[in-house]
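K.L.:
Below is the sequence, then the predicted model.
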2 protein chains.
Amino acid sequence: MERSNAVEILAVPGIPLVREGDDLVALIGEGLARGGIAPRAGDVFVLAQKIVSKAEGRMVDLATVQPSPEAIELAGKVQKDPRLVELILSESVRVVRARPGILIVEHRLGFVMANAGIDQSNVASPYGPQQALLLPVDPDGSAEVLRARLSARFGVPLATIVNDSFGRAWRRGTCGVAVGAAGLPSLMDLRGLPDLFGRELQVSITGHADEIAAAASLVMGQGAEGQPVVLVRGLKWRGPDNGASELVRPAAEDMFR
Amino acid sequence: MERSNAVEILAVPGIPLVREGDDLVALIGEGLARGGIAPRAGDVFVLAQKIVSKAEGRMVDLATVQPSPEAIELAGKVQKDPRLVELILSESVRVVRARPGILIVEHRLGFVMANAGIDQSNVASPYGPQQALLLPVDPDGSAEVLRARLSARFGVPLATIVNDSFGRAWRRGTCGVAVGAAGLPSLMDLRGLPDLFGRELQVSITGHADEIAAAASLVMGQGAEGQPVVLVRGLKWRGPDNGASELVRPAAEDMFR
């Protein structure tokens, strides 16, 4: 397997605040032109989940949400807005942990995450502060549409990742992970590659898209400035494309809990 | 907080196979000279755990290991070499999961990981194949010694990370993580930074060193070629230095299991 010797992680400059219906491909094109960056074959565009969700209209005005009795009861336990809890439950298949200030669920897409990934920070809205932003309906699908459109626009094969920051079992601190991906192996199987001494590699299936998502988070950051689109250049990979849904570990095979 | 706009991840070329007693700083210096790379203030050197362990003489000849009755019994259950299981238990404080082919433990340093991080692939030895490689005794201490010596040698402040690939709860595929770090915040607290709309950031403590470790893994790779030292350039961070031990989440505060 050919190996990357040098990888660059570049912020796409000047991406404005995104609103429902905005054309992310157009915004990225303008940002790249501003930065004098021409996409190359194999470049990976990593987009913050927030801007994909916003463009897709996944903002919900809490004033329109009617909490169920179940949501009201759970909201008391976790000390959150019952309307927010209603949204979290509507996005989830089960509650993993509920403690004051903490609500960790299994999202309908299989992600185990706080608050079903629903975000109340950095959410721009013409309606005021009572807004919540859900994950895209189908982040792998979103990544695929973006991949196809970006590749067509720039005339080279590109890959895309939609990333988010997740808390983790066993480890403190959030880490960037891929919630959607297209055009690359999210899960990369290196089994069968010999190690330096001819034995088969022991650790041999990598969370490739998660490693890229984490790398992009270093430039994207969490702070006020907002650099929600990052280009990762110089990666080499092998194996078939697969989406970020491949990174969800079915509970039955999860030995790390 | 100032933000990174561009980050480079560069393999330090031509690092040879490392043996006990090798001077990693000298090997890195030779590799940098070969690659025409001059370290700059703020550069982060990420070293694969394997080469740090090898240089520190953490190789154990399995022929010298006498398995305990407990190790023999567990080895039958997990279908591994009883001598290897003896080493795993000697490095661990408890067994998290034991299934045929799988032995996940809590390492004495707090890491929850397969086989206590003991590796049998890519282990060079003059003694033959019956070798196992343990984690460094004190990876944060190793990182600090390397940080101080590299900074002195090159006359600029540098940071270091010792990385490894871990399997994860909830997610498939391994991901690079920091098992040791010095000269930067491993856990970076962004609380108090306002978001774009003046609210306090929700996701605000990042596993900074883990994100760097994951990024470096993209270049380091798992395959036969071996690029065990990677330079990460262009990062900006804030907050006090803390070691990778800060990334270990105490069980009592772990809500993600």
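P.N.:
On my side now, so go ahead.
K.L.:
residues touching the nearest residue to A:Asp164 once chain neighbours are set aside, list them.
P.N.:
With sequence-adjacent residues excluded and distances taken as CB to CB, 6 or more residues apart in numbering or on different chains, A:Asp164 is closest to A:Gln49, at 4.2 Å. To be clear about C-beta, it is placed using only N, CA and C from the backbone, and glycine gets the same treatment. By CB atoms under 8 Å, 6 or more residues apart in numbering or on different chains, the contact set of A:Gln49 is A:117, A:135-136, A:139, A:162-164, A:179-180.
K.L.:
Out of the residues you listed, name the ones that lie in strands.
P.N.:
Among the contacts of A:Gln49, the subset assigned to strands under DSSP state E consists of A:162-164, A:179-180.
K.L.:
Specify the beta-bridge partners of the nearest residue to A:Asp119 once chain neighbours are set aside.
P.N.:
With CB to CB, 6+ apart as the criterion, A:Asp119 has its nearest non-adjacent residue at 4.7 Å, and that residue is A:Leu133. Taking DSSP bridges as the rule, A:Leu133 bridges to A:Met59, A:Asp119.
K.L.:
Hmm, A:Ser53 and A:Leu133 touching each other?
P.N.:
Yes - the pair A:Leu133 / A:Ser53 is scored as a contact, 5.1 Å apart, by CB atoms under 8 Å.
K.L.:
Which residue of the two possesses the greater neighbour count?
P.N.:
A:Ser53 (26 against 22; other CB atoms under 10 Å in any protein chain shown).
K.L.:
Report the contact partners of that one.
P.N.:
By CB under 8 Å, 6+ apart, the residues touching A:Ser53 are A:59, A:119, A:133-136.
K.L.:
follow-up on the earlier one: in a markdown table: the ones in strands among the contacts of A:Gln49, plus distance to B:Ile88.
P.N.:
Converted to a markdown table, the ones in strands among the contacts of A:Gln49 look like this (distance: CB to CB, whole Å):
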| residue | distance to B:Ile88 |
| --- | --- |
| A:Val162 | 38 |
| A:Asn163 | 34 |
| A:Asp164 | 34 |
| A:Val179 | 34 |
| A:Gly180 | 37 |
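K.L.:
is A:Ile161 in a bridge, and if so with what?
P.N.:
Assigned bridge partners for A:Ile161, using DSSP bridges, are A:Val46, A:Ala181.
K.L.:
correction: A:Ile9
P.N.:
Under DSSP bridges, the beta-bridge partners of A:Ile9 are A:Val232, B:Val7.
K.L.:
close enough to count as contact, it and A:Val229?
P.N.:
No - proximity of A:Ile9 to A:Val229 does not meet the contact threshold set by CB under 8 Å, at 11.6 Å.
K.L.:
Which one's more surrounded, these two?
P.N.:
Taking neighbours as other CB under 10 Å, A:Ile9 and A:Val229 compare with A:Ile9 leading, 29 against 25.
K.L.:
how about the more buried one, what does it touch?
P.N.:
By CB under 8 Å, 6+ apart, the contact set of A:Ile9 is A:215-216, A:218-219, A:230-233, B:6-9, B:215.
K.L.:
could you dump those to a markdown table with distance to B:Leu184 and pLDDT?
P.N.:
What follows is the contacts of A:Ile9, written out as a markdown table (distance: CB to CB, whole Å; pLDDT from 0 to 100):
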| residue | distance to B:Leu184 | pLDDT |
| --- | --- | --- |
| A:Ala215 | 16 | 97 |
| A:Ala216 | 18 | 97 |
| A:Leu218 | 11 | 95 |
| A:Val219 | 16 | 94 |
| A:Val230 | 20 | 97 |
| A:Leu231 | 24 | 98 |
| A:Val232 | 21 | 98 |
| A:Arg233 | 24 | 98 |
| B:Ala6 | 18 | 93 |
| B:Val7 | 13 | 97 |
| B:Glu8 | 16 | 97 |
| B:Ile9 | 15 | 97 |
| B:Ala215 | 13 | 97 |
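K.L.:
From those, list just the buried residues.
P.N.:
Buried by 16 or more other CB atoms under 10 Å in any protein chain shown: A:215-216, A:218-219, A:230-233, B:7-9, B:215, out of those.
K.L.:
Including distance to A:Leu103, could the residues you listed go into a markdown table?
P.N.:
Output for the buried ones among the contacts of A:Ile9, formatted as a markdown table (distance: CB to CB, whole Å):
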| residue | distance to A:Leu103 |
| --- | --- |
| A:Ala215 | 29 |
| A:Ala216 | 27 |
| A:Leu218 | 28 |
| A:Val219 | 30 |
| A:Val230 | 29 |
| A:Leu231 | 34 |
| A:Val232 | 32 |
| A:Arg233 | 38 |
| B:Val7 | 33 |
| B:Glu8 | 39 |
| B:Ile9 | 36 |
| B:Ala215 | 30 |
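K.L.:
Among those residues, pick out the one closest to A:Asp241, please.
P.N.:
A:Val232 (15.8 Å; CB to CB).
K.L.:
what's the distance between the residue nearest the centre of chain A and chain B?
P.N.:
The residue lying closest to the centre of chain A (CA atoms, centre = their mean) is A:Asn163, at 2.2 Å. Distance, A:Asn163 to chain B, using CB to the nearest CB, to the nearest Å: 11 Å.
K.L.:
hang on, isn't that residue packed against A:Leu218?
P.N.:
No - the criterion here is CB under 8 Å, and A:Asn163 misses it with A:Leu218 at 11.2 Å.
K.L.:
shared neighbours of those two, anything?
P.N.:
A:Gly176.
K.L.:
what are the phi and psi angles of the residue in the stretch 51-200 of chain A that chain B sits nearest to?
P.N.:
Using CB to the nearest CB, the closest approach of the stretch 51-200 of chain A to chain B is made by A:Gly173 at 3.0 Å. Main-chain dihedrals, A:Gly173, degrees, to the nearest 10: phi 90, psi 150.
K.L.:
I'd say it and B:Ala213 touch.
P.N.:
No - applying CB under 8 Å, one finds A:Gly173 not in contact with B:Ala213, separated by 11.8 Å.
K.L.:
ok, those two, which is more surrounded?
P.N.:
Shown here are A:Gly173 and B:Ala213; by other CB under 10 Å, B:Ala213 has more neighbours (35 against 24).
K.L.:
Wait, a helix at the more buried one?
P.N.:
Yes - counting by DSSP: H, G, I helix; E, B strand; the rest coil, B:Ala213 is found in a helix.
K.L.:
quick one: the nearest residue to it once chain neighbours are set aside from A:Gln49, how far?
P.N.:
Using CB to CB, 6+ apart and skipping residues adjacent in sequence, the residue nearest B:Ala213 is B:Asn163, 3.8 Å away. To A:Gln49, B:Asn163 is 26 Å away according to CB to CB, to the nearest Å.
K.L.:
For chain A, which residues score under the pLDDT cut-off?
P.N.:
Applying pLDDT under 70 to chain A picks out residues A:1-3, A:121-129, A:192-203, A:222-225, A:253-257.
K.L.:
Helices along that one, start to end?
P.N.:
Taking DSSP state H to define them, one finds helices in chain A at A:24-35, A:49-55, A:69-78, A:82-90, A:139-154, A:208-220.
K.L.:
which helices and strands sit right next to the first one?
P.N.:
For helix A:24-35, the packing partners by 3 or more CB pairs under 8 Å, 6 or more residues apart in numbering or on different chains; DSSP states H and E come out as helix A:49-55, helix A:139-154, strand A:229-233.
K.L.:
Identify the residues contacting stretch A:25-42?
P.N.:
A:10, A:12-16, A:18, A:45, A:146, A:149-150, A:153-154, A:156-159, A:229, A:231, A:233-236.
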